[in-house]
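Asks: Structure of the sequence below:
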Amino acid sequence: MECDKPILAIVGPTASGKTRRAVDCARALGAEIISGDSRQVYRGMDLGTGKDLDEYGNVPYHLIDVAPAGSKYNLFEFLRDASEALSSIRSRGAVPLLCGGTGLYVESFLKGMELPAVPENPALRARLSGKSLDELTEILASMKTLHNVTDVDTAKRAVRAIEIQTYYLENPQVETLVTPPKPRKAVIVGVDIDREERRRCISSRLEKRVNDGMIDEVRRLLDEGVSAEDLIYYGLEYKFITRHVIGELSYQEMLSGLEIAIHQFAKRQMTWFRGMERRGFHIEWLRHDLPSDEFTSRVTELYETAIKQS
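Replies: Numbers count the residues shown, from 1 in each chain. Below you'll find the model as predicted:
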């Protein structure tokens, strides 16, 4: 049956060429792409998040530009929206193709996880107000194992993570909702790029995006009313460039600090995907520099084999 077709997931670290590979495979298989990226959901945040929308052509995509810049899209919203996109894609008989580098989003969706909406806790926020990031990290670490380092990237993120964890601790009945009901059938393909080549691609891409106007993009967002605090919350490009624009970092400090941060981020992404393998997910790794037709042919073969076996 059409609805029983597995999800095709294409994952890998930043700058590995996931989007281009996903688009090629989508055209070959008649797929629609679900973005598994935690920042490409925001409208107007294009260069900094690497949307590369020109690469999609006529391939339909979902979960890009679905939230206003300055808002705080979260895992609950992603799982809800991705599930809706999955149902919509399957209703048209198309293949669902999940593409992204946000390991938490990708793994949670493939697990079939569902989460309850966690409301704001004004009293808790007031108690945490003024605490340092180190203090907030210590509080969160006392509540759970810190698998996701982005929870403590900024004080604002840490407060929200504590708020969510507090909700779960105070409402143990929601545990049944966060338990994966049923893992989704999936073929997972990883774009394999060695460390040195990854570093070269990251540096080259960063230079291009700065030249293409990434700093101007941040200035525009600030001019449109998105606060510096909110942009810094998004991390990486928006954190460093905003700090440069508001005068906290020189151009060179911004550039060198950002480049280091992106390299560290890519390393954490790979750590997450290797962790997924240890947690029982099979990822078929294909070289990032395979010719386009060979990469697509290998993925098509893997996917069609999975359909025959399902």
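Asks: Pass me the low-pLDDT residue ranges in this protein, would you?
Replies: Scanning the chain for pLDDT under 70 picks out 1-3, 145-153, 173-181.
Asks: and after the longest helix anywhere in it, which helix or strand comes next?
Replies: Identified as the longest helix of the chain according to DSSP state H is helix 251-278. Downstream of helix 251-278, the first helix or strand assigned by DSSP states H and E is strand 283-287.
Asks: the helices in this protein, which residues?
Replies: Assigned by DSSP H, the helices in the chain fall at 18-29, 75-91, 103-111, 122-128, 133-141, 155-170, 175-178, 195-212, 214-223, 228-233, 236-245, 251-278, 292-309.
Asks: Compute the inter-axis angle for the longest one and helix 103-111.
Replies: Here helix 251-278 runs at an angle of 30 degrees relative to helix 103-111 (axes from the mean of the first three to the mean of the last three C-alpha atoms, to 10 degrees).
Asks: Quick check: buried residues in helix 251-278?
Replies: For helix 251-278, burial by neighbour count (16 or more other C-beta atoms under 10 Å) applies to 254-255, 257-259, 261-263, 265-266, 269-270, 272-273, 276. For the C-beta atoms, the positions are set from N, CA and C on the backbone; glycine is no exception.
Asks: Let me know the closest of the residues you listed to Lys131.
Replies: Comparing the buried residues of helix 251-278 against Lys131 with C-beta to C-beta places Ala261 closest, at 23.4 Å.
Asks: I'd like the helices of the chain written out as TSV, with distance to Ile10 added.
Replies: Formatted as TSV, the helices of the chain follow (distance: least, C-beta to C-beta, whole Å):
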stretch	distance to Ile10
helix 18-29	5
helix 75-91	15
helix 103-111	10
helix 122-128	38
helix 133-141	32
helix 155-170	27
helix 175-178	26
helix 195-212	16
helix 214-223	25
helix 228-233	28
helix 236-245	21
helix 251-278	12
helix 292-309	8
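Asks: among those helices, which is nearest Glu284?
Replies: helix 292-309 (5.9 Å).
Asks: Flag every buried residue along the closest one.
Replies: Those would be Phe295, Thr296, Arg298, Val299, Tyr303, Ala306, for helix 292-309 by 16+ other C-beta under 10 Å.
Asks: swap in stretch 122-137?
Replies: By neighbour count with 16+ other C-beta under 10 Å, stretch 122-137 contains the buried residues Leu128, Lys131, Leu136, Thr137.
Asks: so which of the helices of the chain gets nearest Val66?
Replies: Comparing those against Val66 with C-beta to C-beta, the closest turns out to be helix 75-91 (6.6 Å).
Asks: sorry, back to before: now the longest helix of the chain against helix 195-212, angle please.
Replies: 130 degrees.
Asks: Show me what helix 251-278 is packed against.
Replies: Here helix 251-278 touches helix 103-111, helix 195-212, helix 236-245, strand 283-287, going by 3 or more C-beta pairs under 8 Å, 6 or more residues apart in numbering; DSSP states H and E.
Asks: Which other helices and strands does the second one contact?
Replies: Other elements packing on helix 195-212 under the criterion 3+ C-beta pairs under 8 Å, 6+ apart are helix 251-278.
Asks: got the angle between the helix it packs on and helix 214-223?
Replies: Taking the same axes, to 10 degrees, one finds helix 251-278 and helix 214-223 inclined to each other by 90 degrees.
Asks: Run through who's touching stretch 127-134.
Replies: Leu136, Ile139, Val152, Thr154, Ala155, Ala158, Val159, Ile162 (C-beta atoms under 8 Å, 6 or more residues apart in numbering).
Asks: Now the terminal residues of it, how far apart.
Replies: The straight-line separation of the ends of stretch 127-134 (C-alpha to C-alpha, to the nearest Å) is 15 Å.
Asks: chain center to it: distance?
Replies: 27 Å (C-alpha atoms, centre = their mean, to the nearest Å).
Asks: and if you look at stretch 113-123?
Replies: For stretch 113-123, the separation from the chain centroid amounts to 20 Å (computed by C-alpha atoms, centre = their mean).
Asks: One more: stretch 114-134?
Replies: 22 Å.
Asks: Likewise for stretch 57-71?
Replies: The answer for stretch 57-71 is 13 Å, by C-alpha atoms, centre = their mean.
Asks: rewinding a little: distance to Asp37 added to the buried residues of helix 292-309, as JSON lines?
Replies: Output for the buried residues of helix 292-309, formatted as JSON lines (distance: C-beta to C-beta, whole Å):
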{"residue": "Phe295", "distance to Asp37": "20"}
{"residue": "Thr296", "distance to Asp37": "21"}
{"residue": "Arg298", "distance to Asp37": "24"}
{"residue": "Val299", "distance to Asp37": "19"}
{"residue": "Tyr303", "distance to Asp37": "22"}
{"residue": "Ala306", "distance to Asp37": "24"}
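Asks: Could you pull up the contacting residues of Val118?
Replies: Phe76, Glu163, Ile164, Tyr167, Tyr168 are the contacts of Val118 under C-beta under 8 Å, 6+ apart.
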